[in-house]
Structure formats: C-alpha cells, structure tokens
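>>> I need the structure of the sequence given here:
(chains A and B)
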Protein chains: 2
Amino acid sequence: MSILDKINSPQDVKKLSLEEMKTLAQDIREGILTRVNAIGGHLGPDLGIVETTIALHYVFNSPVDKIVFDVSHQVYPHKMLTGRKEGFTNPLEHSEISGYFNPNESEHDPFIIGHTSTSISLATGLAKARDLKGENYNIIALIGDGSLSGGEAFEGFNNASVLNSNFIAIINDNEMSIAETHGGLYKNLAELRESKGKAENNFFKTFGFEYYYVEEGNDIKTMIDILQKVKDTNKPTIIHIHTLKGKGYEPAILDKESYHWQLPGFMDKHEDTEQIESYYSITTDYILKKHEKDNTVIAISPSTPGAYGFTKEFRNKLGKNYTDVGIAEEHAVAFASGLAKNGAKPILAVLSSFIQRTYDQLSQDLALNNSPATLLICWGAISPADATHLGVFDIPMISNIPNIVYLAPTCKEEYLRMLDWSVEQTKYPVAIRVPFGNVISTGIEDTTDYSILNKFKVEEQGKEIAILGLGNFLQLAKEVKQELKSKMNINATVINPRFITGLDKELLETLKQDHSLVITLEDGVLEGGFGEKIASYYGSSNMKVLNYGAQKEFTDRIPLDKLYEKYHLTKELIVKDIKNIL
Amino acid sequence: MSILDKINSPQDVKKLSLEEMKTLAQDIREGILTRVNAIGGHLGPDLGIVETTIALHYVFNSPVDKIVFDVSHQVYPHKMLTGRKEGFTNPLEHSEISGYFNPNESEHDPFIIGHTSTSISLATGLAKARDLKGENYNIIALIGDGSLSGGEAFEGFNNASVLNSNFIAIINDNEMSIAETHGGLYKNLAELRESKGKAENNFFKTFGFEYYYVEEGNDIKTMIDILQKVKDTNKPTIIHIHTLKGKGYEPAILDKESYHWQLPGFMDKHEDTEQIESYYSITTDYILKKHEKDNTVIAISPSTPGAYGFTKEFRNKLGKNYTDVGIAEEHAVAFASGLAKNGAKPILAVLSSFIQRTYDQLSQDLALNNSPATLLICWGAISPADATHLGVFDIPMISNIPNIVYLAPTCKEEYLRMLDWSVEQTKYPVAIRVPFGNVISTGIEDTTDYSILNKFKVEEQGKEIAILGLGNFLQLAKEVKQELKSKMNINATVINPRFITGLDKELLETLKQDHSLVITLEDGVLEGGFGEKIASYYGSSNMKVLNYGAQKEFTDRIPLDKLYEKYHLTKELIVKDIKNIL
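Next up is the predicted model:
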C-alpha cells in the first residue's frame, strides 16, 4: 500500500511524518506521469510543485483556508490530495477528473480557472469578502512566474498589497513560462534567485509586500517551515520559491518546453513523429520565406508558440524578427498596432480562447487606428475542449468591432492568398481564422483580390436553397448539398463567404431571385455571430433563413459528435430541419 | 502679440529663449482655460504638463521623433504647439480640434488614443519597427501616474525594458488619478517622490530601466536639461517627473478631482448647481441604504467614481465598503467575482466604453464561475461622443457571453427592482445597463420577479406590428406606436424586453398569431446585438423583422440628431420604412 492510498483528504496529509511525505511525493509524481501518459495533460509544472502542494495541505486547513491555483497548470498534486487521486492512479477514472481547477469537483477548488494571471485578483476578492464578514482564515494564491507577465496579475498585486490583512501569494519560479520567459521582470526574478532574494531591486517589495525567498522550493521541510511562519499573517505577503520544472522525470527537466504539456503515450514514443503538413507548418513556411525577402516582417506570440508550430528552430531562424511578449495579449495587440503604424509587417498568432484578453486593444489600439497588422486566430472551432479553452467565441468578439477585416479561409490556397494579401496591404487591421483540422488543398491557386471586401464566393451554383458554409464548415455545406440532392432532389447553391465582417449584399440580393431559403453554418457560437447578420439582412424579405452554429454556453469536455448532434450540425439533421419548414 | 501667436510648429519652439518659453507657458495655460470654459474638457492634467510639453518640443524633433501621449488627458499643450492653437484660442475653431490625440489632425499625433495605459505598448511597437528598419530617432511615451495601474501599461513596461534600443518613457506623477490613486504601486511612487528618486524600492528599476527622478517637472529649464541628457539614448529609460496637477489655476489645485475635467462655463459658475435626481443619485442612494442593513455590500469603481456620482461624500460614507481599484478594470471584474464567491455583494460600476477592457474577465473569471456580482454599465447609448468613448459596443460584447444576465431597465422603478434583485440573488452574474439620460418614473412600483429569466413585458397590446424597444429606446417604441396609429391607423404592440441576454420565445411565438412585422430598437450597435437575435429567431417563419440601432462604425463627435437620422432612429423614418415593406 502506497502512502497516497491512505490520503483521502488534506486532513490525512497532516498525519504524515516527513519521511512519509517524501514517499507521498514519489507517489504523486507517479500519478502525474500515469495520467499524462494515458490521456495527455500538463506535466512539467505539476512535477515541479509536488512538495509545495504537500506542504500547503500540511500547514493550511483547506477548504476553510482557501488556495487559488493560477491557470491550473500545476493543480494535479492538489487534486490528488483532495479526494481525486483516482483521476490519476486509476485509468478508468482519468476522464472523470478534469485537468483544471473546478469547484464542481471539489470544495477545495474555489473557482473554475484555465486562463493565466487571474489568481491574485480572484484571491483578493475572497480576502476582502472575508474581511467584510469579519471572518478569519488564510487566503493563498499560487502563481507561476510565467503568469506574472499578464496585466491582470499586476493589477491584482497593486490591489492585494494594500489589503491590510491576511493574503499570501506564492510565486512558483521555475524559470519558465510555457517556453522561456521574456521581459524586464524576468531579469529581476533571475537577480532575486541569484542573490537568494537579496537583490537591490525587488519587484514584489515595490508594492509593499512582505517578501520571503525560498531557494529550496522542492524541499518539503523547508516549505512547511516557511508556510508555518507566514500562516495567519495579517500582512499581504509574497513567498518567492525556486522550483525545478519537470522534477523527477529527466526528459521533462532536459526539455522543459516540450514537456510543459504532453500528448498521451509520450513515455512510450521516442522516435520523431512524422512531419505532416498542417496549417501551422504552412504558416511558418510562409513567414520564413517572406522574412528572407523582407526584414520588416515580424512574428509575435504571447507565450504560446508551440500551439501553432512556432518551434525553437523557427524562432531562432527569425531572430530579432520574432518577439515573444510573454503572457501579455493586450500588449501583443497594441505592440502589433505600433509596429504596423511605423511601417513593419507584424503577424501576431494567438489562440481563439486567449484573444479574449484583448477586446479593448483590438477596438482602441488596433481597429480605431486602422493599423494594418495581421492576426492569426488559431484553434477557432467547436471542440471537445475544457470549458476554459473553447474556441467558439472569437467570431462574435472580433467581428462586431468596426474596421477589422476578419477572414475565414477554407483551404490552404485561400489561406496563403489571404495571409499574403493581409501582410502586404496597408489599409486594414486583418484577422484570419486559421482553418482548424487537417489541411484541405484544392490544388488550384487562389488569385482573389481580397482588397475588394466582403465578396462571397459561389462555390457551386444551384437554386431554391443557398448554403453559406463559413470557414471550417464549407465542407459541411457541400455535404448538405449532396444530401439535399439525394434526399429531396434539390440542387442547392453552396457559398463560401470568406469574409466574416461584412455581407455581400449584391449576392444576397441576387439569391432572392431563385432561392427561398438560406442556410448559414458557422463553427462557433451563433449569438452575435455571422448567421444572425444574414437573418437580419433578409428580415424584411420573404427569404427564409436557418442559422446553424453552437449555442451560447460553456461546454466542458463534451465529445464533438455529441455537440454536433445537439446543434444539428450534421447533414442529416439539417436536411430534416429543412423538410420541416418547407 | 503673444508668444503663442508666433508658434505654428515645433520648429518655432526651438527658436525661443527660456524667458520666452516661460511666457509661452502662460499663453498655453490661458488657451487651456479659454477652451475648457467654452466647450468643456480636461483641465488639471493639461495645466500640469505645460512646461514638460514645451521642453519636449524644444529638445526633440517631432514628427521624426515620435511622442505618444497616454490617454490624451494632457495633450492640449502639445496640440497648441503643433499647429492647432486655434482650437484653443479661437472660439470659432474650438470644435474643429478634438480633445484627444488624433493623426487625422496632425502628423505629430501617431495614434488615436482615448483609453488609458496604452502608450507604453504602442510606443514599444513604434520603437521595434524603427529598429527593424534600421532607422534612428527617439520614441517617447508620456504617461500619467494614474494610468500606471492598468495592466496594459505593465505589460508594456515588461517588454519595453528589454528593447535594447532607444525608448524614453516620461512618468508624469501629479499624485492623482482622476480621483486619488490606489494601490501598492502608489506608495512606491510616494516613497520615490519623498526620497527624490533614491528610495530603496523602485518599481521602474526592477524592470531594468535607466531611471531619473525630476522633482521640478514644472520647470522648463530643468526639463530641457534632463531631456537633452537622455535624447538619443540607446537604453530604455524612465524619467519620473513630479508635477502639479492644475498648476496656474488655483481652484484646480485645491480640488484636483473636480477639476480633472470640467463642463463649459466652469469659470463663471460658482454657486452649487441644484441637485436633481439622476440614475446615479438613485444608485448611490440605494447603495447607502442597502449598506446600512448589510455590511457585505461593497461598491467598486475602476478609478472613474465621478462619472456615476460616486462622490467623495458617498465614498466616505461607505468607508471600507468602497474600493477604488485604480484604472484596472480587469482586476475589478475578477475582484468582484472573488467577493461574490465568498459571500459578499459587490456592485461594480463601469462605463460602457471601459468595460471593453474586461471581455475575458467577464467570460472566465465571472461568467464561467457564475459569480453573483452586480455590474452597472453606465453611459451605454448612441451619443455624440469622441470615437474613443462611444457607448454602443457593450451589448454585443457582454450579451454573447454565456451565463451573464444583462438587463435593460427603462425607468427608475424597473432599475431599482432589478438592482435589488441582482444584489440579493446568488445564482447569476448580472449586468444592468443603467438608463442613459433624464430619469423616467412611472410612479408604479415594479414587483417583477426577475429570477424568471427572459420574460419580456408587453407594455401596450395591439396587433399587426410589434415594436420591441430595448432599454433607453422604449420611449421611441411608444412614439413609433403613436405615429403608426396616426399615419397608418395601425394599433401596434409595444414590448419592453428588459432582458438583453435571452429571448422570450413564448411571447415571440404568440406574436405570430396576429402580427406580421416585428420592429426592434436598441441604443447601441446592431451587429452582434439584440435585434439580430430576433431576426434569427423568426428566420424560418413568415414574420418580417426590421432591426434598428447604430451601424458598426467609430463615429467621432457626430451630433446625436445626425446619427439618429442616419440610423433611421426617428418615428418618422421608421414608419416610412414600414410603409415601404408592407
């Protein structure tokens, strides 16, 4: 029987001897590796925080004391100690437990969290409520060094530091974001590590925090001592701990970036996986080629380069023409605007789920200034992702901002043409919804002039019913056409809108002549999206309109086929709906 | 002839003697006071930055050297020195020149700017483009201490500090945001002022910036000396200057908050204006009364308390139940979520234009967690405002996020009922679009149970045509009804949707029985908004739908009647449209 077998709640941790806790740390690491090898997930950050998590639950009294884990990248050990170890040790229950902080799973998780840099502000709210209610307990935020670069964390520090009551933030400094860290702050963290916390300049002290540096963040006894020291403090306090990302698993220590997150089976596979063409390799090939001829081309990532194939090799080749701004999407958009305004050609790649950080910067810094930057919106699609990482909201968020041209390519050729048009033009801020999934190639070069805005493309001319298949869903539109042909003998028109941000009113008007129904398909949430604009356009006419897309909801790890069925995003269900209204 | 008369471009400033520049400073102050007294505008921040602006244009070579003014609150002297003095000295031209940074007015303004905390990131982009192109000139950002609390500024500092090239940020520390400043950072600024820049802790140095402190920020010679010293530096450099907000106008020095911005005629009026009831006085009265009985009620402002009547008196009465988080909207939303999760009753007031900073926090920190916080969205309406301060985008931005209940009260009674319901309930994050304009009171207490979501209210039952007047536009709906009656003898139905975030499908279905046309009216941008959802709902039916609202565009100081005419938001134009389609 392992030590972990005996741990069913944090209360059980408190009964252990130091030696038992050390064994527990090994058990936990085994659980992390087992789970990630089985279903994938965050590896390096979790391996590095094992000892601190044991110490936290030994010293503090969760859930009365409340611990907030920033971004949840290091929450696995916490889950194993708070009644959810089966999600790690038992293959049958792996999928029962999410990889993120979640109050629906446990009272030991105060929030659902999956985006970075939020813990300080959320914990400040918990602490202030405690003070208003006259209660007494500890509020602890655990935040990685990578998350510190996000503006929300800074805003949180500025406010947490003046709480005048108990508040403890643990800075888990493992010297890494997902990739390497970037920015002046990280030079200061390095100085603090090198001086064992005694450097002249100290970011945290400038806010007035009590500050402690702990070199041995992977030593349970050391961590217990410092946590006991600050427990029940009545001053906002920072504990800056130095830990080893990937500790206990050598490959994760040697290649911290690759092992930040891993796919299932990583322990078994050792040969390089075959390089197949993806929209990301198409992107990086394009940028490298462009950069050879034009030194003003610059690729930007807000600290998620691996998510879209900005590999170390790619980054090194670009040199000073690549900037990782850290987890700082707001800055990334304003920075791109400044670059574009001064004659450079910025290409900012960002995930659909994280562009959410930048509504105001898209509007004020970029769109209002008509700065001709290129934004690549990646992973935009209905998916079985966690509720925190859905890619369905970017269309309503981006497309209702004036001036931005948001494009939805449907194949490699369109994507490359749009990308090059965007990079070379100087009139508009352009966002491109990078197609999701396997590369589709027509083999026919796209020669469209995209400076003629809002021109939809008729892919297949027919009559009676027109199907507008936006971006990823052009393929579904073609399937629906086939189904209509075979089931209802209707020869439908298939249209590829290509532009998300404007209507081809001329074409829509023409459709009135010999069509009575328009179907819209979009790979995102319907509310505020593309299809509703078509419905509004036809509102005063006799044209009927059916909009298809995701419902406005946070889905959480729902299989894609279930979502498609729920939203009627299959050719069979769509044709059934059509039969019902015709 | 004054000195200012001779200044037509920055080149002319370079020819002046120090004595002449001092006289010029007086001329500029006179221009500021003349303009603000005539048409209103920012006063205190502009009065305080006169000497620095003269020194900037004396030392640097704009527009080759590029100066970025954060938020534009202190851009008047710059405008006067860059060919736009007539907008200040000549009453006929006051309205020709905006109160904000704007490249459409002058090549000396690199960007349109009106939201805070953006200058560092924008300037970093300019600097990086310069470096990629191998060019040589200075990039200067001028940012007030109030703007430092915004996360985007922090993200900018983190990146600007590692540029390895010329970059100069001037921190204009006048010891004030719009109201007083808040947060640990400001204690550090105070230490730096008190120690003349020599305090042990130094926020700016922690990033690695070269740092200079200037106590006499209102002395032209001192400012010229320091700027000449750092000109052409090849290191990211901070000049922290201490200035006097309101300098040269005693009332603005004595009451810095009130004189941050002033209405026309402020120099003439001295008696207190009569207190009339407004939606803001209704709000503060409610909060104070609620707080007397419930110590968990807490009002929050992101540094714009005056914009919605959170006066000094109100703030003092609330004491620890009021938190100004600084200009930090992201933190404000996450903080409110944390408060609500831990049993407090947060009420966060924020302008429509600034809630834009928080799309991701609304989605991830608040909505995904279903935290029962109350958000008051103020100034949401089509208006003749500057392009940077439009209140038309909040509906598409907020209402397409799952879980949030966004309410649109149409009168005092509904507003109070919704507010109290929101504060007391514990199931949903609730945003209330505070009505814009004069208070409308029905005199009839609203007893609606708003926990029954998405229940629209039929205000006047009729047939044939149903008019949905959302929020501010219920009054217009009633006018359209009258016009239809008198011009077309149609007895239309008037509906008050009250809920922006969901459809009353039962009612909409019923309308099909004896209505053939539905009109929607919303006081915001149409794209992604409320009306399109109605059009989509009826897309598969024979019901015709006409959506009215603002177009997706950045309007800039366009008179309201012109906008209403353009958008057909008058009873006459709407009835004309109806005639055309019936």
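>>> can we go C-alpha only for contacts and neighbour counts from here?
Fine.
>>> next SSE after the single longest helix found in chain A?
If you go by DSSP state H, chain A has its longest helix at helix A:18-39. Using DSSP states H and E, the helix or strand that follows helix A:18-39 in sequence is strand A:41-42.
>>> tell me the mean pLDDT for that following strand?
Averaging pLDDT along strand A:41-42 gives 94.
>>> and the next element down the chain from it?
Toward the C-terminus from strand A:41-42 - assigned by DSSP H and E - lies helix A:44-48.
>>> now the helix or strand just after that next one against helix A:18-39, angle please.
Using DSSP H and E, the next helix or strand after helix A:44-48 towards the C-terminus is helix A:50-59. Here the directions of helix A:50-59 and helix A:18-39 differ by 120 degrees (axes from the mean of the first three to the mean of the last three Cα atoms, to 10 degrees).
>>> ok now helix A:50-59, how far from the chain's centre?
For helix A:50-59, the separation from the chain centroid amounts to 28 Å (computed by Cα atoms, centre = their mean, to the nearest Å).
>>> do the host helix or strand of residue A:285 and chain B meet?
Element membership for residue A:285 (DSSP H and E) is helix A:279-293. No: Helix A:279-293 stays clear of chain B (Cα under 8 Å from any Cα of the partner chain), getting no nearer than 11.5 Å.
>>> hey, C-alpha coordinates of that helix in PDB?
Taking Å, rounded to 0.1, in the frame of the first residue of the first chain, the C-alpha atoms of helix A:279-293 are listed here in PDB:
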ATOM      1  CA  TYR A 279      -1.900  25.000 -41.300                       C
ATOM      2  CA  TYR A 280       0.800  25.800 -38.800                       C
ATOM      3  CA  SER A 281       3.600  24.500 -40.900                       C
ATOM      4  CA  ILE A 282       2.100  26.400 -43.900                       C
ATOM      5  CA  THR A 283       2.200  29.500 -41.700                       C
ATOM      6  CA  THR A 284       5.700  29.100 -40.500                       C
ATOM      7  CA  ASP A 285       7.000  28.200 -44.000                       C
ATOM      8  CA  TYR A 286       5.200  31.400 -45.300                       C
ATOM      9  CA  ILE A 287       6.700  33.600 -42.700                       C
ATOM     10  CA  LEU A 288      10.200  32.300 -43.100                       C
ATOM     11  CA  LYS A 289      10.100  32.700 -46.900                       C
ATOM     12  CA  LYS A 290       8.600  36.200 -46.500                       C
ATOM     13  CA  HIS A 291      11.200  37.200 -44.000                       C
ATOM     14  CA  GLU A 292      14.000  36.300 -46.400                       C
ATOM     15  CA  LYS A 293      12.900  39.000 -48.700                       C
END
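>>> identify the residues contacting that helix?
Surrounding helix A:279-293, the residues in contact under the criterion Cα atoms under 8 Å, 6 or more residues apart in numbering or on different chains are A:297-299, A:308-310, A:314, A:317-318, A:412, A:416, A:434-436, A:438-439.
>>> the residue in chain A sticking out farthest from the centre and residue B:571: what is the separation?
Within chain A, the residue lying farthest from the chain centre (Cα atoms, centre = their mean) is residue A:513, at 44.0 Å. Separation of residue A:513 from residue B:571 (Cα to Cα, to the nearest Å): 32 Å.
>>> again, but for residue A:358
Distance of residue A:358 to residue B:571, given as Cα to Cα: 38 Å.
>>> comparing these two, which shows the higher neighbour count?
residue A:358 (26 against 18; other Cα atoms under 10 Å in any protein chain shown).
>>> wait, that one sits on residue A:333?
Yes: contact between residue A:358 and residue A:333 holds when scored by Cα atoms under 8 Å: they sit 7.2 Å apart.
>>> so the residue farthest from the centre of chain A, which of the three states?
The assignment at residue A:513 comes out as helix when based on DSSP: H, G, I helix; E, B strand; the rest coil.
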